[in-house]
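[1] below is the sequence, then the predicted model.
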Amino acid sequence: MARRPLPRILSSSAPIVRSREIARTATDSAADVLHPLITISRGLRLIAAALHARWAASPKERRGPALFLTAAVILVVALIPYGPLLALITVMGAAGWKGRARPVVKTGPDEAELARLQALYEALVPYFSVPEDPDPLYSHGGEWDTAFSEFAFDDDGRLTRLQVRYPAYFTDSEADARARIEQLLHAKSGRGREYHFAWDEEGNQLVMNVLGALPTTIAAQRFVTSPGETVLGFTDADAVQRTVPVIAGEESHDAPPVIWRTGPRSTEPHLLAVGQPGAGTTTLLRSIALQVLQQGDLLIVEGSGTGEYACLAGRSGVLAVECGLAGALATLEWASHETERRLIAANRARQAGHPAPEDTKRPLWILLDRPSALADLAAADGRIDPQHLLQIPLRHGRAAGVTVVVAEQFDTLDDLSEPVRSQTRARVVLGPASLGQVESVLGVPPHTTPTPDVPPGRGYARLGTGPVLRLQVPATPDPYDDATTEAHRQAVLDLLPAREAAVEAVPAEG
Ligand SMILES: Nc1ncnc2c1ncn2[C@@H]1O[C@H](COP(=O)(O)OP(=O)(O)OP(=O)(O)O)[C@@H](O)[C@H]1O
């Protein structure tokens with residue numbers, strides 16, 4: 001059967017489009033003209049509703065006086081010259097104010113945010129799709145809302161949270177595949193912020209969160225810890241189970257600490273802290289020293305020789321603060337013998353069925369800041385590397401109550417001796433560091449994206465095979481440094497033990 005041609009009015013859409021445009025323009029103009037009227041009538045309606053609600057809520061015995069008062073006001077207004085006109089203007093003004101357009105409550109993403117989500121979706125297509133997939137979750141020109149189940153933006157329109165669904169065939173168990181997605185999301189969502197990525201392999205979902213900076217307001221103070229516990233710094237509240245009360249500025253609150261346990265039962269009895277120059281490793285060692293002195297003795301060897309531990313020299317419990325090679329060698333040799341002595345004494349006591357002798361119980365700490373500098377000096381002088389003398393304290397320190405803490409910089413990390421590398425299972429990285437640098441120290445990549453600008457004392461900690469924790473070391477500056485603020489100087493001075501006469505335990509010969 002031959003098809004009948006469509007009626008002309010249906011076959012051509014141009015007149016329809018034109019008439020729609022005319023209608024839309026007419027509606028817009030009418031809305032402009034009638035806008036004040038609409039506003040006032042909306043306001044009048046709202047005022048009437050409010051009056052009605054008030055009337056309904058007022059008790060019956062108060063309604064009579066209220067009516068009387070209203071009638072009196074109306075009478076007065078009616079009698080004064082221009083009263084009704086003024087009353088009308090006032091009511092219209094109030095209605096206009098009440099009925100004005102409310103600020104728009106944001107219920108979804110705006111255009112820029114929609115564009116950002118779509119761009120992110122498009123960028124993920126090559127990673128989350130394969131040509132064989134008959135019903136791809138990601139395809140060019142596809143809908144982002146099928147893939148992004150949750151999102152949040154900050155006031156600047158930058159993503160702060162994104163939940164991404166991905167196809168089950170994506171190789172989310174491969175570190176490289178994950179890293180590619182994380183780098184892409186990081187780059188597209190704005191660099192310079194710290195991102196946390198949580199992969200739910202069972203649910204095929206990835207949640208990206210932007211983390212706020214850890215507070216830098218906590219300074220050196222007495223932390224509430226048990227014997228054998230040292231606060232390395234503070235971290236995210238959801239990363240650890242415990243909090244300790246702290247004073248930050250003028251206020252006190254509970255903060256989540258990164259606590260390092262040392263002693264005979266510790267699985268990570270020695271620590272290595274690494275950072276760029278100025279990242280805050282010396283400050284970390286100073287903070288540890290102030291905590292250690294409450295319960296133990298301390299030997300400090302400072303390779304850089306800048307006197308940053310001078311405030312500790314001669315204090316009760318500080319057996320030595322050495323900057324030169326000769327003093328460092330003598331001190332570490334004594335520490336090595338002392339570790340052996342403690343081991344032998346404890347063994348003898350155990351074999352005789354006695355408790356460990358008192359003189360083996362007091363914890364001894366060896367803090368070694370930049371041993372690589374001393375290694376260079378020793379090589380030039382034909383003497384042994386001081387790190388060599390750390391071998392016994394590192395290997396047997398746990399049983400003998402001897403703890404070693406080493407701080408080193410990234411560029412001289414290769415100069416660390418094998419025992420230092422293998423026996424320091426508590427690790428800290430401070431300051432700006434690449435993913436690779438953090439991984440080289442902690443053994444695993446960081447769980448957040450390191451940012452290029454970090455304040456001193458900010459970084460990551462990992463105790464043994466535990467999780468990587470973000471870390472902010474308490475401000476513990478050198479009180480003799482002119483740049484130190486008075487509050488911080490006083491905080492450190494308050495923690496220093498009293499001065500003592502020269503200690504004779506460590507031989508002084510070079
Ligand atoms: N946790 C911190 N809080 C506040 N300021 C800090 C912190 N750590 C370090 N700083 C400040 O940063 C500067 C460098 O710190 P520090 O001397 O500890 O760094 P470093 O890594 O030992 O560097 P270098 O080896 O070059 O001395 C100092 O002014 C110090 O006060």
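    Thanks, I have it. Computed from a prediction, not measured in an experiment: that's the story for all the values here.

[2] shouldn't G233 be within a strand?
    Yes: using DSSP: H, G, I helix; E, B strand; the rest coil, the assignment for G233 is a strand.

[3] what about it, neighbour count?
    26 (other C-beta atoms under 10 Å). C-beta here means a position set from N, CA and C on the backbone, and glycine is covered the same way.

[4] you'd agree it is up against P257?
    Yes: using C-beta atoms under 8 Å as the test, G233 is close enough to P257 to be in contact (7.4 Å).

[5] and the one residue in the chain that gets nearest to the ligand, what does it touch?
    The nearest approach of the chain to the ligand comes at G457, 2.1 Å away (C-beta to the nearest ligand atom). G457 sits next to T216, G233, A279, G280, T283, L284, L430, Q472, V473, P474, A475 when contact means C-beta atoms under 8 Å, 6 or more residues apart in numbering.

[6] what residues are bridge-paired with the second one?
    Translated: G233. V258 (DSSP bridges).

[7] which residue sits closest to A475, ignoring its sequence neighbours?
    Setting aside the residues directly before and after it, A475 is nearest to A219 in space (C-beta to C-beta, 6 or more residues apart in numbering), at 4.3 Å.

[8] show the contacting residues for that neighbour.
    A248, P474, A475, T476, A487, H488, A491.

[9] which among the residues you listed count as buried?
    A248, P474, A475, T476, H488, A491 (16 or more other C-beta atoms under 10 Å).

[10] could you dump the strand or helix carrying I300 to PDB, C-alpha only?
    Taking DSSP states H and E as the definition, one finds I300 inside strand 297-302. Extracted as PDB, the C-alpha positions of strand 297-302 are listed here (Å, rounded to 0.1, in the frame of the first residue of the first chain):
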ATOM      1  CA  ASP A 297      69.900   6.800  80.200                       C
ATOM      2  CA  LEU A 298      71.000   8.400  77.000                       C
ATOM      3  CA  LEU A 299      74.100   8.500  74.700                       C
ATOM      4  CA  ILE A 300      74.000  11.000  71.800                       C
ATOM      5  CA  VAL A 301      76.300  11.000  68.900                       C
ATOM      6  CA  GLU A 302      75.800  13.900  66.500                       C
END
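
[11] that strand - contacts with which helices or strands?
    helix 281-292, strand 318-322, helix 325-351, strand 364-369 (3 or more C-beta pairs under 8 Å, 6 or more residues apart in numbering; DSSP states H and E).

[12] ok, back up a step: ok, the residue of the chain closest to the ligand to I218 distance?
    10 Å (C-beta to C-beta, to the nearest Å).

[13] now for those two: what residues contact both?
    Counting by C-beta under 8 Å, 6+ apart, the residues touching both G457 and I218 are Q472, P474, A475.

[14] of those residues, which is the nearest to Y138?
    Top of the list for closeness to Y138, among the shared contacts of G457 and I218 and by C-beta to C-beta, is Q472 at 38.1 Å.

[15] beta-bridge partners for the closest one, please?
    F234, R458.

[16] double-check it against T216; I have them as touching.
    Yes: counting by C-beta under 8 Å, T216 is a contact partner of Q472 at 6.1 Å.

[17] which of the residues in stretch 276-288 are buried?
    Q276, A279, G280, T281, T282, T283, L284, L285, R286, S287, I288.

[18] list just the nearest of the contacts of A219 to R54.
    A248 (48.2 Å).

[19] name the nearest residue to that closest one, ignoring sequence neighbours.
    Excluding its sequence neighbours, the residue lying closest to A248 (C-beta to C-beta, 6+ apart) is T217, at 4.0 Å.

[20] what's around the one you found, how many residues?
    17.

[21] can you check E322 too?
    24.

[22] go ahead and confirm it touches E333.
    No: here E322 does not reach E333: they are 11.5 Å apart, not a contact under C-beta under 8 Å.

[23] any chance you could read off phi and psi for M208?
    Dihedral pair for M208: phi -110, psi 130, per degrees, to the nearest 10.

[24] residues contacting it?
    L159, R161, L162, Q163, V164, E182, L185, S189, Y195, H196, F197.

[25] if I look at it, how far off is P109?
    For M208, the distance to P109 - C-beta to C-beta - is 16 Å.

[26] go on, P419?
    Going from P419 to P109 by C-beta to C-beta gives 56 Å.

[27] and what of Y460?
    Distance from Y460 to P109, by C-beta to C-beta: 33 Å.

[28] these two: which is more packed in?
    Y460 (22 against 17).

[29] rewinding a little: now the two most distant members of the contacts of A219.
    A248 and T476 (14.1 Å).

[30] surely T160 is within a strand?
    Yes: counting by three-state DSSP, T160 is part of a strand.

[31] D154 is in contact with that one, correct?
    Yes: between T160 and D154 there is a contact under C-beta under 8 Å: 5.0 Å.

[32] need the residues touching each of these two.
    By C-beta under 8 Å, 6+ apart, the residues touching both T160 and D154 are V210.

[33] higher neighbour count, the two?
    T160 (19 against 12).

[34] ok so, going back, I'd like the contacts of G457 as a markdown table, with distance to E201 and pLDDT appended.
    Output for the contacts of G457, formatted as a markdown table (distance: C-beta to C-beta, whole Å; pLDDT from 0 to 100):
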| residue | distance to E201 | pLDDT |
| --- | --- | --- |
| T216 | 35 | 93 |
| G233 | 31 | 98 |
| A279 | 34 | 95 |
| G280 | 36 | 96 |
| T283 | 39 | 97 |
| L284 | 35 | 98 |
| L430 | 31 | 97 |
| Q472 | 31 | 98 |
| V473 | 34 | 98 |
| P474 | 37 | 97 |
| A475 | 40 | 97 |
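
[35] coming back round to it: any chance of the shared contacts of G457 and I218 in JSON lines, plus distance to G263?
    Converted to JSON lines, those look like this (distance: C-beta to C-beta, whole Å):
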{"residue": "Q472", "distance to G263": "25"}
{"residue": "P474", "distance to G263": "22"}
{"residue": "A475", "distance to G263": "27"}
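
[36] quick one: which of the residues you listed is nearest F68?
    Nearest member of these to F68, counting by C-beta to C-beta, is Q472, at 68.3 Å.

[37] give the contact list for that closest one.
    L214, P215, T216, I218, G233, F234, T235, G457, R458.

[38] could you redo the last one with a cut-off of 6 Å?
    Neighbour list for Q472: L214, G233, F234, G457, R458 [criterion: C-beta atoms under 6 Å, 6 or more residues apart in numbering].
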